[in-house]
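1. coords please:
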Amino acid sequence: MQSQTFRRVLRHTVVSAIFLSSACGSDGGIAGTDGGSNSGRLHMTAKIDGTAWVASDAAFIAAVQVMPGDYSITGTQSSTTNAITMTISLANIRGPGTYPLGVGPSVPGGSVILANSSTGWSSPMTGADGSITITSLSDTEISGKFNFVVTGSAGAKTVTDGDFTASVKKLTTIGPIPDNAGSTFNATIGGSPWNAAFVSGSLRTNAFGVTLLTIAATNSVRGIGITIDGVTSPGTYTLGSSTTTRQMSITNVTNSSSNMWTSMAPGASASVVITSITATRIKGTFSATLVPAPGSSTAGNLIVANGTFDIGL
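-> I've put the predicted structure just below:
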C-alpha cells in the first residue's frame, strides 16, 4: 500500500511540475494570478529534523487541483545542495479543519513525499503519520499548517512547524465534492487509538433480496472487516457466532494468516449501531470483544471500543 501511495503522490508531483513550469510568465509570476503581486504572501516553510526548510521560489508554490477536494502542494528548497522537494497530496478536503496525514485517497486527509536527487521518503500509511490543519480555503488560495513523519530506505524524517499559503490552480473546470466522497473509520483497539488509512464500503441488495452492508478498513498495521445482512434502517445490529452474514474480523497486516481475531467463535461479542442511512452515506458506531480465529496462533481476546464510521456509498 505504501508503494502505491508513493506512486500516486509522485504522479501528482510530476503533474504539478509540468503545470507550474508552463504557467509561469516571464515576470516570474503564475499565469492567471494578479500579475505576480500575490507571490509576496505565497510561502511554504517547515523544519526537517530540526533544520529550517524554505521553498525557494514563491512563484512556483501552488496547490494544483485535478479533482473536487483534491490538492497537490509542492515546494523545493532549490538553493541548497541535494535539495529536498516536499509534496503534500490531499483528498476530500471540504473546507478548513484538521485532517490526518498518512491516509489514502478514500479518506479525508492526505500523504506526503520528500525527495532529493538520491532518495525519497513517504508516509508510512499508519493513518496517523501527522496532521494538516487547513486554516483557510477559497477557489483561489489555500493556507495551513502541518507536521508529519515520513520513512524511506535512508531512515525516517520528522517535519515540524510546517506553514504554507499557496495559490489554487485548477487544471480543468472542477465542481463541488460529491456527498459520497470520502470515508472515515476509527476505533480504540487493544487500548490504542487506530485510524484507517484506506476505507471502502457498500450497501447493496443481493440476488436473494437481502440488503448487505460490507465495510473494509485498513492501514499499515491492521485490517478490519464488517459484514451485516438485513441493514434497512438505523438501529442496533448484533454480530454473533452463529451466522457468517453478521461478523467482524481483525487481522494484523504482517502474518495475517496467523494473527486474526473474529466475532464468529464462542466467547466473542460484537454490535454495530447504525445511526444514519441516506442514499449517499451510512454512519454508525461499533464495539466488540473478539476472540482468536480458529486455527490462528493469536493468543488472547481483542477489545474494540469507541468505534465510529462514516462511509460514502
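
2. how about the strands in the stretch 101-250 of the chain?
-> 109-115, 120-122, 130-137, 141-152, 155-170, 184-189, 192-195, 198-205, 211-218, 222-229, 235-239, 246-252 (DSSP state E, counting those that start in this stretch).

3. make CSV out of the ones you listed and add mean neighbour count, mean pLDDT and distance to Thr308.
-> (Each C-beta comes from the backbone N, C-alpha and C, glycine too.) As requested, these are exported to CSV (neighbours: other CB atoms under 10 Å; pLDDT from 0 to 100; distance: least, CB to CB, whole Å):
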stretch, mean neighbour count, mean pLDDT, distance to Thr308
strand 109-115, 26, 98, 15
strand 120-122, 21, 98, 27
strand 130-137, 18, 98, 18
strand 141-152, 20, 98, 23
strand 155-170, 18, 97, 28
strand 184-189, 22, 98, 6
strand 192-195, 15, 98, 10
strand 198-205, 17, 97, 12
strand 211-218, 20, 97, 11
strand 222-229, 21, 96, 12
strand 235-239, 15, 96, 15
strand 246-252, 21, 95, 14
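
4. which stretch among those strands comes nearest Ala299?
-> Comparison of the strands of the stretch 101-250 of the chain against Ala299 by CB to CB identifies strand 246-252 as nearest, at 12.7 Å.

5. strands paired with the helix or strand just after the closest one, and their directions?
-> Per DSSP states H and E, the first helix or strand lying C-terminal to strand 246-252 is strand 260-262. Strand 260-262 pairs in its sheet with strand 246-252 (antiparallel), strand 281-292 (antiparallel), by DSSP bridges.

6. so can I have CSV of the strands of the stretch 101-250 of the chain showing distance to Leu101?
-> Below are the strands of the stretch 101-250 of the chain laid out as CSV (distance: least, CB to CB, whole Å):
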stretch, distance to Leu101
strand 109-115, 6
strand 120-122, 11
strand 130-137, 4
strand 141-152, 5
strand 155-170, 10
strand 184-189, 14
strand 192-195, 11
strand 198-205, 14
strand 211-218, 17
strand 222-229, 18
strand 235-239, 32
strand 246-252, 23
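
7. before we move on, the earlier item: can you redo the strands paired with strand 260-262 as TSV with distance to Thr172?
-> Shown next, in TSV, are the strands paired with strand 260-262 (distance: least, CB to CB, whole Å):
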stretch	distance to Thr172
strand 246-252	40
strand 281-292	26
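
8. show me where the stretch 1-150 of the chain has helices.
-> Listed from the start of the chain, the stretch 1-150 of the chain has helices (DSSP state H, counting those that start in this stretch) covering 2-23.
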